[in-house]
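Participant: Quick check, what structure comes out for this input:
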Amino acid sequence: MKKEVKKDLEKIKKNKFIQEFKEFIAKGNVVDLAVGVIIGGAFGKIVTSIVSDLLMPVIGVIIGGHDFTALKITFGNANIMIGNFIQNVIDFLIIAVCIFVIVKIINRIMPKKEEVKEEAPAKSEEVVLLEEIRDLLKENKKR
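Facilitator: The predicted model follows:
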């Protein structure tokens, strides 16, 4: 009997889990997140191309005509690719600035949601009377 009850409880838990998962997937936030990830990946590729194909060659000319990504520090047998690291930092900074600007623009365009203040329901006469009695009893205890 106990085994059957345990199995039934497990089925209920699984069904509840599946139902909650379906509700989670059906929410718009998950779809928005997926779209954001896809667009973000594509945007990252564009920024990487701008940095590696446009900016870094110019910086390479400025520093003496060297390939910027070839800059390295040799430490024993290991090569520390400082040029690649700097290029990735520049990629990150450009993406961060672009996202910051986009968020600022969206915040200006989107109307601000006004907080809806929920008024407390009016207290019934009985509740008010009971509160007065409670307060009087508290006063009497203090004396």
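
Participant: any idea which helix or strand carries the most centrally placed residue in the chain?
Facilitator: In the chain, the C-alpha closest to the average C-alpha coordinate belongs to Leu33, at a distance of 9.1 Å (C-alpha atoms, centre = their mean). Leu33 is located in helix 28-49, with elements delineated by DSSP states H and E.

Participant: count of residues packed around Gln87?
Facilitator: Neighbour count for Gln87, taken as other C-beta atoms under 10 Å: 20. C-betas here are computed from N, CA, C, even on glycine.

Participant: what packs against the helix holding Leu33?
Facilitator: Packing contacts for helix 28-49, counted by 3 or more C-beta pairs under 8 Å, 6 or more residues apart in numbering; DSSP states H and E, involve helix 82-109.

Participant: Show the average pLDDT along the helix or strand containing Lys22.
Facilitator: Using DSSP H and E, Lys22 sits in helix 2-26. Here helix 2-26 scores 73 as its mean pLDDT.

Participant: that older thread, can you pull the contacts of the residue nearest to the centre of the chain?
Facilitator: For Leu33, the set of contacting residues under the criterion of C-beta atoms under 8 Å, 6 or more residues apart in numbering is empty.

Participant: For stretch 82-94, which outside residues touch it?
Facilitator: Applying C-beta under 8 Å, 6+ apart, the contact partners of stretch 82-94 are 44, 47-48, 50-52, 55-56, 67-73.

Participant: Of those, which belong to helices?
Facilitator: Using DSSP state H, the members of the contacts of stretch 82-94 that fall in helices are 44, 47-48, 56.

Participant: I'd like to know how far Lys113 sits from Ile105.
Facilitator: 18 Å (C-beta to C-beta, to the nearest Å).
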